[in-house]
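[1] requesting a structural model of the entry that follows:
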Amino acid sequence: WRLRTGAMKMLRAVAAVMWVGLMAVEGKQILYQPSKSSTFVAREELPFTIQYADANAIEAITCFDYVQLGHYKARVPFGCFLRASTPLLKNVDGVAGFGIPKVGANGEKLPMPLLWALTDPRNVESNARGLKRRYTFFASKDHGEVQLGGYDPQSVEGGEMKYFKSLSSGEFVLGVSSIRLGTSPENAVEVLRFRDEDDKAMDEAGGEDVVQAEDNKRNVIPAVLDTGTSCLVLPSNDHGGLLKESPFEIFVKHFRHPPSLFSAAHAKMINEGLKSSGSNVYMTVNGEEMVLPYESLLITGTDKPCVRGSPPLQQGSIILGDVFFRNYAVLFDMEHSSRVEPATIGVAKINANYKIIPESTPIIPVNELGEPLVRMHVHRGVDKLPIEDNSQGTQYFVQLTIGTPPQLFKLAFDTGSSTLGVFVAPPTMNDVMSEELGRPIPVVPQELMKQEALLQTKARAFRAPPATSLVPWLVLSLFGIVVVVLLVRERRRRIVDPPYDVL
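    Next up is the predicted model:
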């Protein structure tokens, strides 16, 4: 059950690729204006880069200002996003990372996650030091809800959750041992086809038998709980030899839509007393049976399932994206987690009769433009915030304010990353940094490498070639001189001693 470091890095890369690929949303990007905040402070010695995949990254600098989430407010560190390597990221105001603390792409220290900073007992400027470092998230196809400090028992079936330890201290990870696809559990087809004992024994040196207990422990695929990923992501390969076939290819082959209303298949199902339905997903997660109904798998307004395969060259693992959170409420408990102690994860089916806080909840005006901050509700000991989604139901957003006076932002709500960050116009940052620190924004490592490469290229253009590179030119020049000399001598010879008799 213990995940290796290399596997987790690969898993994060897969999650990052999916997060970046589904980040495009509607609306105009709002940039943070540090010059308009009287409480803004920048730390020029703390630049960092968030690497989402090999070609997708955000370059940033650490900033400090007052951040308000609901009625919780504190001066906290966050990322001033300067540049994004993909234009898709320019369609959002920023990212609200609610994950476990991480390091930057080059080992840099990243700003403390928002929830951690708000609940930090050393932060004397926070009014949330008594808040528990845990939260619950779930959603419908229209919007979602975050419950800070715990969960409301009325929001889940039976009023209780089942708890599991994360398989990783750096991510929210559960173990999936089975995924079946079908209209009922009886006719469902297994998607995770693990190699059996005979298959593994053939690869063992000497043909030794494989112990069944050890085999059962290995027959688990790690699954990341990530609100930044829209779909259910399945491995598109054999997961390093653990599986016989690609689960995603099996899913594509066996996924079925409901039969049409007047078809023979539909009539047969009615006659047999069966409900006409498309393929459901039945999963065994940490030993518990869970179901993702056909309707919840579809992308809003389409008949296409929101299920994707991991990048082919990656050791693809499972990502439980937004389709999972539309069926199950998940509690992320980091109250006692650390670099060596994993977080606790609670899971329960959403109560169908529970009404999620609507987007039209009462609001609090925050600035002269009349832009509002959504109001936090306090019910049964937890603080509830509404979460907005885009029209496709593929991304969720949380509202918060930064600065004095407050500036309102709509940020992508992401449990797979840890950094709170907003995009800022570089010219504005340069002006503020020059005023406060006497120099512009420090160059982050990637940008510095680009500039050094450019300077080296220019230097080579003006540099004299080495002696070894002149040898071919000297040989050609000498050959040309010899040819010219021979031609001149031949011409003189013909003039002095003509080949024919002129008389």
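[2] give me the contacts around the helix or strand where residue 115 lies.
    Residue 115 belongs to helix 114-118 when assigned by DSSP states H and E. For helix 114-118, the external contacting residues (CB atoms under 8 Å, 6 or more residues apart in numbering) are 67, 69, 72, 74, 76-78, 96-98, 101, 111, 123, 126, 128, 131, 133, 135, 148, 334, 420. Just so you know, the C-beta spots here come from the backbone N, C-alpha and C atoms, and that holds for glycine as well.
[3] try 10 Å
    Identification of contacts with helix 114-118 by CB atoms under 10 Å, 6 or more residues apart in numbering yields 64, 67-69, 72-78, 96-101, 111-112, 123, 126-129, 131-135, 148, 332, 334, 398, 400, 411, 418-420.
[4] I'd like the next helix or strand past that helix.
    Counting by DSSP H and E, what follows helix 114-118 is strand 134-139.
[5] restrict that following strand to CA atoms and write it as PDB.
    Taking Å, rounded to 0.1, in the frame of the first residue of the first chain, the C-alpha atoms of strand 134-139 are listed here in PDB:
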ATOM      1  CA  ARG A 134     -10.200  20.200   7.600                       C
ATOM      2  CA  TYR A 135     -12.900  20.700   5.000                       C
ATOM      3  CA  THR A 136     -15.500  18.800   3.000                       C
ATOM      4  CA  PHE A 137     -16.300  19.200  -0.700                       C
ATOM      5  CA  PHE A 138     -19.100  17.900  -2.900                       C
ATOM      6  CA  ALA A 139     -21.100  19.100  -5.900                       C
END
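[6] which helices and strands does it pack with?
    Here strand 134-139 touches strand 143-148, helix 322-325, strand 328-333, strand 344-349, strand 382-389, strand 396-402, going by 3 or more CB pairs under 10 Å, 6 or more residues apart in numbering; DSSP states H and E.
[7] out of those, nearest to residue 356?
    strand 143-148 (4.7 Å; CB to CB).
[8] partners of the closest one in the sheet?
    Here strand 143-148 has these sheet partners by DSSP bridges: strand 134-139 (antiparallel), strand 382-389 (antiparallel).
[9] tell me what angle the longest one forms with strand 396-402.
    Note on geometry: by axes from the mean of the first three to the mean of the last three CA atoms, to 10 degrees, strand 382-389 and strand 396-402 are set 110 degrees apart in direction.
[10] could you give the average pLDDT over strand 382-389?
    For strand 382-389, the mean pLDDT works out to 82.
[11] just stretch 196-209 next, same as before
    49.
[12] and residue 171, that one's in a helix?
    No - Residue 171: not assigned to a helix; according to DSSP: H, G, I helix; E, B strand; the rest coil it is coil.
[13] which residue sits closest to it, ignoring its sequence neighbours?
    Distances taken as CB to CB, 6 or more residues apart in numbering put residue 224 closest to residue 171, at 5.7 Å, once the chain neighbours are dropped.
[14] quick revisit: now the strands paired with strand 143-148 as JSON lines including distance to residue 163?
    Output for the strands paired with strand 143-148, formatted as JSON lines (distance: least, CB to CB, whole Å):
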{"stretch": "strand 134-139", "distance to residue 163": "11"}
{"stretch": "strand 382-389", "distance to residue 163": "17"}
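[15] residue 425 is nearest to which of those?
    Of those, nearest to residue 425 by CB to CB is strand 382-389, at 24.4 Å.
[16] only the C-alpha atoms, please, for that closest one, written as CSV.
    Written as CSV, here are the backbone C-alpha positions of strand 382-389 (Å, rounded to 0.1, in the frame of the first residue of the first chain):
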residue,chain,number,x,y,z
VAL,A,382,-19.5,24.1,10.0
ASP,A,383,-19.0,27.1,7.8
LYS,A,384,-20.4,26.6,4.3
LEU,A,385,-19.3,28.4,1.1
PRO,A,386,-21.0,28.1,-2.3
ILE,A,387,-18.9,26.9,-5.2
GLU,A,388,-19.7,28.1,-8.7
ASP,A,389,-19.1,26.0,-11.8
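[17] which positions within that strand qualify as buried?
    For strand 382-389, burial by neighbour count (16 or more other CB atoms under 10 Å) applies to 382, 383, 384, 385, 386, 387, 388, 389.
[18] just for the stretch 151-300 of the chain, where's the confidence low?
    Of all residues in the stretch 151-300 of the chain, those with pLDDT under 70 make up the ranges 197-218, 259-276.
[19] go with 90
    170, 183, 195-219, 228-230, 236-242, 256-278, 295, 298-300 (pLDDT under 90).
[20] what sits against residue 323?
    139, 141, 229-233, 281, 292-293, 296-299, 305-307, 393-394.
[21] could you flag which of the residues you listed are buried?
    Here, 16+ other CB under 10 Å leaves 139, 141, 229-233, 281, 292, 296-299, 305-307, 393-394 buried among the contacts of residue 323.
[22] among those, name the ones in helices.
    Cross-referencing those against helices under DSSP state H gives 296, 297.
[23] can you pull the contacts of the closest residue to residue 336 other than its chain neighbours?
    Excluding its sequence neighbours, the residue lying closest to residue 336 (CB to CB, 6+ apart) is residue 344, at 7.6 Å. Contacts for residue 344 (CB under 10 Å, 6+ apart) come out as 134, 161, 163-166, 172, 331-337.
[24] the helix or strand hosting residue 75: which residues count as buried?
    Residue 75 belongs to strand 72-84 when elements are defined using DSSP H and E. Within strand 72-84, the residues that count as buried by 16+ other CB under 10 Å are 72-84.
[25] pick the one among those residues closest to residue 237.
    Among these, and counting by CB to CB, the member closest to residue 237 is residue 84, at 29.0 Å.
[26] torsion angles phi and psi at the nearest residue to the closest one once chain neighbours are set aside?
    Using CB to CB, 6+ apart and skipping the chain neighbours, the partner closest in space to residue 84 is residue 58 (5.2 Å). Backbone torsions for residue 58, taken as degrees, to the nearest 10, come to phi -120, psi 130.
[27] ok, residue 58 touching residue 97?
    No - in this structure, residue 58 is not within contact of residue 97 by CB atoms under 10 Å, at 11.2 Å.
[28] show me the helices in this structure, by range?
    5-21, 114-118, 197-203, 212-218, 247-254, 264-271, 294-297, 322-325, 426-437, 445-462, 471-496.
[29] excluding covalently adjacent residues, which one is nearest to residue 175?
    Per CB to CB, 6+ apart, closest to residue 175 is residue 220, 4.0 Å.
[30] that neighbour and residue 418: what is the separation?
    Separation of residue 220 from residue 418 (CB to CB, to the nearest Å): 25 Å.
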